[in-house]
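*Asks:* build me a structure from this.
(one chain, ligands or ions: 1)
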Amino acid sequence: MTNSELFDSLDADSYYIEGADIADTKAPQVPIETRWEERRFRARLVNPANRRKLDVIIVGTGLAGSSAAATLGEAGYNVTCFCYQDSPRRAHSIAAQGGINAAKNYRNDGDSIYRLFYDTVKGGDFRARESNVYRLAEVSVEIIDQCVAQGVPFAREYGGLLDNRSFGGVQVSRTFYARGQTGQQLLIGAYQAVERQIAAGTVEMHTRHEMLELIVVDGRARGVVIRDMVTGAIETHFADAVVLATGGYGNVFFLSTNAMGCNVTATWRAYRKGAYFANPCFTQIHPTCIPVSGDYQSKLTLMSESLRNDGRIWVPKSGEDKRDPRKIPEEDRDYYLERIYPSFGNLVPRDIASRAAKNVCDEGRGVGPGGLGVYLDFADAIERLGRQTVEAKYGNLFNMYAQITGEDPYQVPMRIYPAVHYTMGGLWVDYDLEASIPGLYVTGEANFSDHGANRLGASALMQGLADGYFVLPNTINDYLAAGPFPDIDASHPAVVEAVEAVRARIDKLLSVDGSRTVDSFHRELGRLMWDYCGMERSEEGLRKALTRIRELKKEFWSDVRVLGTNEELNQALERAGRVADFFELGELMCIDALVRRESCGGHFRVESQTPDGEALRDDEEFAYVSAWEFAGEGKRPILHKEPLLYEYVEMKQRSYK
Ligand SMILES: Cc1cc2nc3c(=O)[nH]c(=O)nc-3n(C[C@H](O)[C@H](O)[C@H](O)COP(=O)(O)OP(=O)(O)OC[C@H]3O[C@@H](n4cnc5c(N)ncnc54)[C@H](O)[C@@H]3O)c2cc1C
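*Replies:* Just a heads-up that it's a prediction; the model follows:
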């Protein structure tokens, strides 16, 4: 049976409806090298005196949100910003460890904008839009200059130039870093730029405020409904445009490397109001995380990909070999990445490294409790470079590992295993970063735009900052030039409806008074997602997951126990709302995965493999972005396809051998 026949045999009607194809109409039809320049030139401008009459709401203060708030504030717009943490500086971006890419070619090793573009399109397994990726590579060089000017303390080499290291999927060194704390240093840079605008009166910051609904008036995004997380007050805020910079949704899997608060609520609410959700099933599984250690764990810890620059990954050749790793001689070890992929070795992209780790564990050669682990060994690096150098490069990561596992990685190889880390899917946006609702812009991990089916390491920070410092400030003015839009207030029917919906949901969650905790539901949902919509997927498994998710969702709404009231700090209530949205998202992810009957990125579809068991992408059928439209409560979602055209990078099966 061909893929296309299999596709037809899907019981499609029971899960979704197919709608009309869509296209990005904002990228100018000029050669790719001049596309961004042309777009900036064609975009309408807003004169500085008029900017102060225009209001912009930004939800999120991670790298994508803070950089946008600082830049739009500096430009003179009135910006109101929200985050759910107690400080904008606690956004999840602060956790980023390894680095940020830029095509500066400081190492003179053959890097260029074109090579970064090429690596990213190929790394994304040909499921990203060429125009966006080229612009990202172009803007990458400006980000480093901007951050250096802000005082971000990037690592330097002896000669004084900024230092670089390599990340997976590339053969050049283009990753800028600040030890193992790159996200933290970049966020402090963006945060102090926002603070400056707060002092100048252009940015108003609301911490501990959670967006629970988008307000759409006359087809335009015009505001948000927010819950004050300390008092429970439900507030409305209005603007001429709304920007969502609310991060990724990896926590749908319960266990992930994301901060505990990361959630999908803001983008999910926007989806339900008409914004298309793109490629929801594209999740990144990171190969170097500390393995799960017990049933009651609620968080996984990433060991930065930068460790693969010097650490060597291996398992014993025989599954029977249970010796202390230090006692296993070279001839009994399998450095499987170096063996299978000699040209990239330990620096293959994340999806390839994750799948290879899963394969050796499935063969029974995994190490540590439950056999779900592989070694990441620094013995060679310590011998070659000396402990002091290794400590200077990776010291904080080694300390973190030692504290969590009680083992000393300078003496014993680390144990690592793949874990959920990042979500390439997100709200669909065009070249301007505008969603399918006019006036709604989406930046950073919250949008789907640049990474296709697999994100290369050190490129999320690059994208968030590109979006916030450079792209959005040059595109949103094209929309705002038509403003200010007519005033609205709390009595507008669309606002009343949005507020009532929020109140009704909170009341419902508090009134169920069932017997199961929110976390127990979340854990069960996460397990289903990991087992059936994680690294390996099959038609049978996805259908099973869909049935169980629907049942579980019903159980949640009839048996969840949320204590306390709305009018207080109530973390159970906050979590309940987020988990309720994760149920709906999880369902859409499984439908998206079911439809995408191909293996691409880290997503292995068992029905789509080569005779020797390798992942098989299907460009004939699936070279598109899937953009899902909400059709109404209880109705099947509508799939719009955005065909992907590759004019500059030849589409072929990836090889890192
Ligand atoms: C452990 C770890 C290490 C990483 N290391 C790297 C790395 O080295 N290099 C790299 O390129 N990438 C790395 N990444 C990925 C990268 O950190 C993230 O993709 C990126 O920081 C996301 O930034 P963001 O601004 O889009 O979102 P976030 O930083 O997640 O910020 C989201 C913001 O939205 C707010 N928010 C969310 N929902 C709501 C709501 N409903 N109401 C109000 N506010 C809301 C939050 O309060 C927060 O301010 C790493 C990720 C992890 C998990």
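
*Asks:* continuing past the one helix or strand in the chain whose mean pLDDT sits lowest, what's the next helix or strand?
*Replies:* Across the helices and strands of the chain, mean pLDDT, DSSP states H and E gives its lowest value to helix 3-9, namely a mean of 47. Next helix or strand after helix 3-9 toward the C-terminus (DSSP states H and E): strand 17-18.

*Asks:* contact partners of that next one?
*Replies:* 12, 631, 636-639, 641 (Cβ atoms under 8 Å, 6 or more residues apart in numbering). Every residue, glycine included, has its C-beta placed from N, CA and C.

*Asks:* and the helix or strand following that strand, what does it pack onto?
*Replies:* Proceeding N to C from strand 17-18, the next assigned helix or strand is helix 32-42, under DSSP H and E. If you count contacts as 3 or more Cβ pairs under 8 Å, 6 or more residues apart in numbering; DSSP states H and E, helix 32-42 packs onto helix 130-150, helix 472-480.

*Asks:* before we move on, the earlier item: could you export the contacts of strand 17-18 as a markdown table, including distance to Val595, neighbour count and pLDDT?
*Replies:* Formatted as a markdown table, these follow (distance: Cβ to Cβ, whole Å; neighbours: other Cβ atoms under 10 Å; pLDDT from 0 to 100):
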| residue | distance to Val595 | neighbour count | pLDDT |
| --- | --- | --- | --- |
| Ala12 | 8 | 16 | 51 |
| Ala631 | 15 | 13 | 96 |
| Arg636 | 12 | 14 | 95 |
| Pro637 | 10 | 22 | 97 |
| Ile638 | 12 | 16 | 97 |
| Leu639 | 7 | 20 | 98 |
| Lys641 | 10 | 18 | 98 |
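
*Asks:* and of those, the nearest to the ligand?
*Replies:* Nearest to the ligand among the contacts of strand 17-18, counting by Cβ to the nearest ligand atom, is Pro637 at 21.4 Å.

*Asks:* quick check, that closest one in contact with Tyr16.
*Replies:* Yes: applying Cβ atoms under 8 Å, one finds Pro637 in contact with Tyr16, separated by 5.3 Å.

*Asks:* shared neighbours of those two, which are they?
*Replies:* Going by Cβ under 8 Å, 6+ apart, residues that sit against Pro637 and also against Tyr16 are 591, 628.

*Asks:* for the residue of the stretch 351-500 of the chain found nearest the ligand, grab the count of nearby residues.
*Replies:* Across the stretch 351-500 of the chain, the shortest distance to the ligand (Cβ to the nearest ligand atom) belongs to Gly444, at 2.4 Å. Gly444 has 33 neighbours, counted by other Cβ atoms under 10 Å.

*Asks:* so it sits right up against Gly247, yeah?
*Replies:* Yes: with contact defined as Cβ under 8 Å, Gly444 reaches Gly247; the gap is 6.6 Å.

*Asks:* overlap in contacts of these two?
*Replies:* Joint contacts of Gly444 and Gly247 (Cβ under 8 Å, 6+ apart) are 60, 62, 64.

*Asks:* which members of these additionally contact the ligand?
*Replies:* 60, 62, 64 (Cβ under 6 Å from any ligand atom).

*Asks:* neighbour count and pLDDT for those residues - can I get that in a markdown table?
*Replies:* Below are those laid out as a markdown table (neighbours: other Cβ atoms under 10 Å; pLDDT from 0 to 100):
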| residue | neighbour count | pLDDT |
| --- | --- | --- |
| Gly60 | 32 | 98 |
| Gly62 | 35 | 98 |
| Ala64 | 35 | 98 |
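
*Asks:* which one of those residues is nearest the ligand?
*Replies:* Nearest to the ligand out of these is Gly62 (Cβ to the nearest ligand atom; 2.1 Å).

*Asks:* for the closest residue to the ligand within the stretch 201-350 of the chain, which non-adjacent residue is spatially closest?
*Replies:* The ligand sits closest to Gly247 of the stretch 201-350 of the chain, with a gap of 2.5 Å, by Cβ to the nearest ligand atom. Distances taken as Cβ to Cβ, 6 or more residues apart in numbering place Glu445 nearest to Gly247, at 4.9 Å, with adjacent residues excluded.

*Asks:* give me the element the spatially closest residue to Pro637 that is not a sequence neighbour is part of.
*Replies:* Spatial nearest neighbour of Pro637, excluding adjacent residues (Cβ to Cβ, 6+ apart): Trp628 at 4.8 Å. If you go by DSSP H and E, Trp628 is part of strand 624-629.

*Asks:* what's that strand packed up against?
*Replies:* So strand 624-629, by 3+ Cβ pairs under 8 Å, 6+ apart, packs with strand 277-278, helix 571-595, strand 638-643.

*Asks:* and these, which is most packed in?
*Replies:* strand 277-278 (a mean of 28; mean count of other Cβ atoms under 10 Å).

*Asks:* tell me which parts of the stretch 301-450 of the chain are close to the ligand?
*Replies:* Residues of the stretch 301-450 of the chain that fall close to the ligand, judged by Cβ under 6 Å from any ligand atom: 302, 421-422, 444-446.

*Asks:* hmm, back to that, so can I have JSON lines of the shared contacts of Gly444 and Gly247 showing secondary structure?
*Replies:* As requested, the shared contacts of Gly444 and Gly247 are arranged in JSON lines below (DSSP: H, G, I helix; E, B strand; the rest coil):
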{"residue": "Gly60", "secondary structure": "coil"}
{"residue": "Gly62", "secondary structure": "coil"}
{"residue": "Ala64", "secondary structure": "helix"}
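
*Asks:* of the residues you listed, which is the nearest to Cys83?
*Replies:* Gly60 (6.3 Å; Cβ to Cβ).

*Asks:* so what's the residue count around the closest residue to Asn346 other than its chain neighbours?
*Replies:* Of all residues not flanking Asn346 in the chain, Arg308 sits nearest, at 4.7 Å (Cβ to Cβ, 6+ apart). Residues near Arg308, counting by other Cβ under 10 Å, number 27.

*Asks:* my read: Arg308 touches Glu338, true?
*Replies:* No: counting by Cβ under 8 Å, Glu338 is not a contact partner of Arg308; they are 11.2 Å apart.

*Asks:* any chance you could list residues touching both of these two?
*Replies:* By Cβ under 8 Å, 6+ apart, Arg308 and Glu338 have these common neighbours: Asn346.

*Asks:* what segments of the stretch 101-250 of the chain are strands?
*Replies:* All strands of the stretch 101-250 of the chain, identified by DSSP state E, counting those that start in this stretch, fall at 175-176, 203-206, 209-217, 220-228, 234-238, 241-244.

*Asks:* for Gly73, find the nearest of these.
*Replies:* Taking Cβ to Cβ, strand 203-206 is the member of the strands of the stretch 101-250 of the chain nearest to Gly73, at 4.2 Å.
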